[in-house]
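**Student:** Structure, please.
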Amino acid sequence: MVIQIILITVALLLFAFFVRSSHSVRTQAAKRIGFVVFLILNLDAVLRPDDTTWLAHKVGVGRGADLLLYLLVVAFAFFSVNTFLRFRNLERRFTDLARSIALSNAQPPQERAGVVDKIADRPLGQPVDQPIDQPVQQLAEQPTLSGSPR
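**Tutor:** Numbers count the residues shown, from 1 in each chain. Below is the predicted model of the structure:
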C-alpha cells in the first residue's frame, strides 16, 4: 500500500515537473543529479542486495527485486516523457530553422514574376524542361533516348 502511494506520487511529480519546464537549466541539472542518484542506488542494490530487501519490506513490497522492478517502471516512464519532450523540442527547432532558411532565400515577387509569366505562356503540351522559345513542332521532331522521334 505504501509503495503504491509513493510510486504514483513520484510519477505524477516527475511528469508535471518535466512537462512544465523541460528546457530550463534547473531542469537539466535535476535530471543529471537524479541520474547520478539512480546509478548510486543501483550500485548499492547490486553490492548489498539485503538493503534492497530491507527497504522493500519497509515500503510494503515482498522482495527487493520487486521493488527494483517498480522503480525501473518509474525510471522508464521518466525516460519516455523526457525523450518525447526532447523530440518535440527538436521538431520545433527544425521547423524554425526551415522557416528561417526559406525566408532568407525568398525572392521578392517582382523578380519571380517574369519567370512565372514565361511558364504560364507556354503552349499546352510543351514540356517544362524545354526552352520556352522553341516551337512545339520542333520538339515533336526531336529523337528520344531510344532514337525514334516523339
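**Student:** rest of the way, CA atoms for contacts and neighbours
**Tutor:** Fine.
**Student:** Skip ahead from the helix or strand hosting T27 and say which helix or strand is next.
**Tutor:** Using DSSP states H and E, T27 maps to helix 25-47. Scanning forward in sequence from helix 25-47 by DSSP H and E, the next helix or strand is helix 49-59.
**Student:** could I have that following helix exported to CSV, CA atoms only?
**Tutor:** Provided in CSV are the C-alpha atoms of helix 49-59 (Å, rounded to 0.1, in the frame of the first residue of the first chain):
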residue,chain,number,x,y,z
PRO,A,49,21.0,-6.8,-2.0
ASP,A,50,19.9,-7.2,1.6
ASP,A,51,19.5,-3.4,1.8
THR,A,52,17.1,-3.5,-1.1
THR,A,53,15.1,-6.3,0.6
TRP,A,54,15.0,-4.4,3.9
LEU,A,55,13.8,-1.2,2.1
ALA,A,56,11.2,-3.3,0.2
HIS,A,57,9.8,-4.6,3.4
LYS,A,58,9.6,-1.1,4.9
VAL,A,59,7.5,0.2,2.0
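**Student:** how far off helix 49-59 does the helix or strand following that helix point, in degrees?
**Tutor:** Using DSSP H and E, the helix or strand that directly follows helix 49-59 along the chain is helix 64-104. Taking axes from the mean of the first three to the mean of the last three Cα atoms, to 10 degrees, one finds that helix 64-104 is oriented at 90 degrees with respect to helix 49-59.
**Student:** Summarise which helices and strands helix 64-104 is packed against.
**Tutor:** helix 2-20, helix 49-59 (3 or more Cα pairs under 8 Å, 6 or more residues apart in numbering; DSSP states H and E).
**Student:** change it to 10 Å
**Tutor:** Counting contacts by 3 or more Cα pairs under 10 Å, 6 or more residues apart in numbering; DSSP states H and E, helix 64-104 is packed against helix 2-20, helix 25-47, helix 49-59.
**Student:** quick one: average pLDDT of that helix?
**Tutor:** Taken as a whole, helix 64-104 has an average pLDDT of 87.
**Student:** between that helix and helix 2-20, how big is the angle?
**Tutor:** Going by the same axes, to 10 degrees, helix 64-104 makes 10 degrees with helix 2-20.
**Student:** what about the residue nearest to V61 when sequence neighbours are not counted, distance to R93?
**Tutor:** Distance criterion Cα to Cα, 6 or more residues apart in numbering; nearest residue to V61, sequence neighbours excluded, is L67 at 6.4 Å. Per Cα to Cα, to the nearest Å, L67 is found 39 Å from R93.
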